[in-house]
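Trainee: A structural model of the following input is requested.
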Amino acid sequence: MTRHTAPTQPSAPLSRRRTLAAGLALATLAAGTPLAAHAAFPERSITLVVPTAAGGGNDGMARVVAQKMSQLLGQSVIVENKAGANGAIAAEFVARAAPDGHTILFGYIGTHGMSPALQKLRYDPITQFEPIGMVCYSPTLMVINPKVPAKTVAEFVALTKANPTAYNYASAGNGTAPHFSAEMFKLESGAQMAHVPYRGSAPAMNDTMANQTQVMFPSLFSASSHVKNGKLRALALAGPKRSSLMPDVPTMEEAGIKGVEITQWYALFAPAKTSKAVVEQLNKTLNAALADKDVARRIEEQGAVVDSSTPEALAMTVRQELAKWRGVVQKAQLTAD
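Mentor: Residues are numbered from 1 along each chain as shown. Next up is the predicted model:
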């Protein structure tokens, strides 16, 4: 059976190496000069559009990055939340925005990988955007409601097979990472569970904590606090290695399920036809922000790993992710309904 893994080098978001652009941006910062000091861009405040509601994991990361970019650019970077349609509303809005770099998207695996692979949208993730750079990544975590009588992945799979109608998994909607992750898990493990899609990760997680649904596959970034306070039980990490935040939680492969490795990544995008000079300026600023120790700490303590990139590497990642998830859609026979 085909093993589904995160993209490999040179485009994969898992590389921890900082780019030359980040180093140049840091040198500029060290000299005490804002990155925008000798450039026409930005002429005014920048709007960073986030495809989820305020207060969620994506929103929190975006605000950390926006705050630091504001300092570096000498202009405000304002976060604007446009939740709905699994990120499509925000993506469409930015795709139609003026290509001047003053409206950018906090995109992620859903807007530029999974959802476009599942269904035809009113935007094209490749032709209607200019990649700016990767922000970070977070492995997927399998969590269950603590009332479910299972301590391991094997025990949970056995429960679902013994009673195929008793267990439901929650997702943030069709075409989202929790949806694809659960379907991959079903394919590889033989688990029997029904899909309950929600309009966003927060309500899906809330119902899993309330035992309205029994299992979910959110990002480690989104779920870590709920696991720590005992409202969710972590069974396995769908990543290449264990997390230092949860060293006792095995990887999916260690738990006996091969082929389920899903890395949720986050990145910045500008509208298509944004000039190369503006994209490069935004990339330098982003990478300098990510290289700041406080920014990295605030992101990584939540379960994400900072990972800068060039625009070219991000473009390749998007292409590889689309191909990968189209294959999963075909194999699992997934539909948007």
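Trainee: Can you give me the end-to-end span of stretch 328-337?
Mentor: 16 Å (C-alpha to C-alpha, to the nearest Å).
Trainee: gap between it and the chain center?
Mentor: In this view, stretch 328-337 has its centroid 20 Å away from the chain centroid, taken as C-alpha atoms, centre = their mean, to the nearest Å.
Trainee: Could I get the average pLDDT for that stretch?
Mentor: In this model, stretch 328-337 carries a mean pLDDT of 86.
Trainee: Any chance you could list what contacts it?
Mentor: 2, 4, 117-119, 174-175, 179-180, 183-184, 186-187 (C-beta atoms under 8 Å, 6 or more residues apart in numbering). To be clear about C-beta, it is placed using only N, CA and C from the backbone, and glycine gets the same treatment.
Trainee: May I see the PyMOL selection of the buried members of the residues you listed?
Mentor: In PyMOL, this line selects whichever of those come out buried by 16 or more other C-beta atoms under 10 Å:
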select buried, resi 4+117+118+119+174+175+179+180+183+184+186+187
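Trainee: Just put the contacts of stretch 328-337 in a markdown table and tack on distance to residue 147, secondary structure and pLDDT.
Mentor: Output for these, formatted as a markdown table (distance: C-beta to C-beta, whole Å; DSSP: H, G, I helix; E, B strand; the rest coil; pLDDT from 0 to 100):
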| residue | distance to residue 147 | secondary structure | pLDDT |
| --- | --- | --- | --- |
| 2 | 35 | coil | 39 |
| 4 | 30 | strand | 41 |
| 117 | 34 | helix | 95 |
| 118 | 31 | helix | 93 |
| 119 | 34 | coil | 92 |
| 174 | 27 | coil | 88 |
| 175 | 29 | coil | 88 |
| 179 | 23 | helix | 94 |
| 180 | 26 | helix | 93 |
| 183 | 24 | helix | 93 |
| 184 | 25 | helix | 92 |
| 186 | 21 | helix | 95 |
| 187 | 26 | helix | 92 |
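Trainee: export the contacts of stretch 328-337 to TSV and tack on distance to residue 254?
Mentor: Listed next are these as TSV, based on distance: C-beta to C-beta, whole Å:
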residue	distance to residue 254
2	20
4	17
117	28
118	29
119	34
174	30
175	28
179	24
180	21
183	21
184	17
186	19
187	19
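Trainee: Does residue 284 lie in a helix or a strand, and which?
Mentor: Residue 284 is located in helix 276-291, with elements delineated by DSSP states H and E.
Trainee: re earlier: can you tell me which of the contacts of stretch 328-337 is closest to residue 159?
Mentor: residue 186 (13.9 Å; C-beta to C-beta).
Trainee: and residue 50, bridged to which residues?
Mentor: residue 81 (DSSP bridges).
Trainee: For it, grab the count of nearby residues.
Mentor: 25 (other C-beta atoms under 10 Å).
Trainee: Residue 208 now?
Mentor: Neighbours around residue 208, by other C-beta under 10 Å: 28.
Trainee: in the sheet, who's paired with the closest residue to it other than its chain neighbours?
Mentor: Leaving aside its chain neighbours, residue 208 sits nearest to residue 216 (4.6 Å; criterion: C-beta to C-beta, 6 or more residues apart in numbering). With DSSP bridges as the criterion, residue 216 is bridged to residue 143, residue 170.
Trainee: how about residue 292, what does it touch?
Mentor: residue 68.
Trainee: List the contacts of residue 223.
Mentor: 141, 143, 205, 216, 232, 234, 303.
Trainee: Also residue 83?
Mentor: Counting by C-beta under 8 Å, 6+ apart, residue 83 has contacts 51-53, 89-90, 199-200.
Trainee: Ok, residue 110 next?
Mentor: If you count contacts by C-beta under 8 Å, 6+ apart, then residue 110 has 51, 86-87, 172, 175-177 around it.
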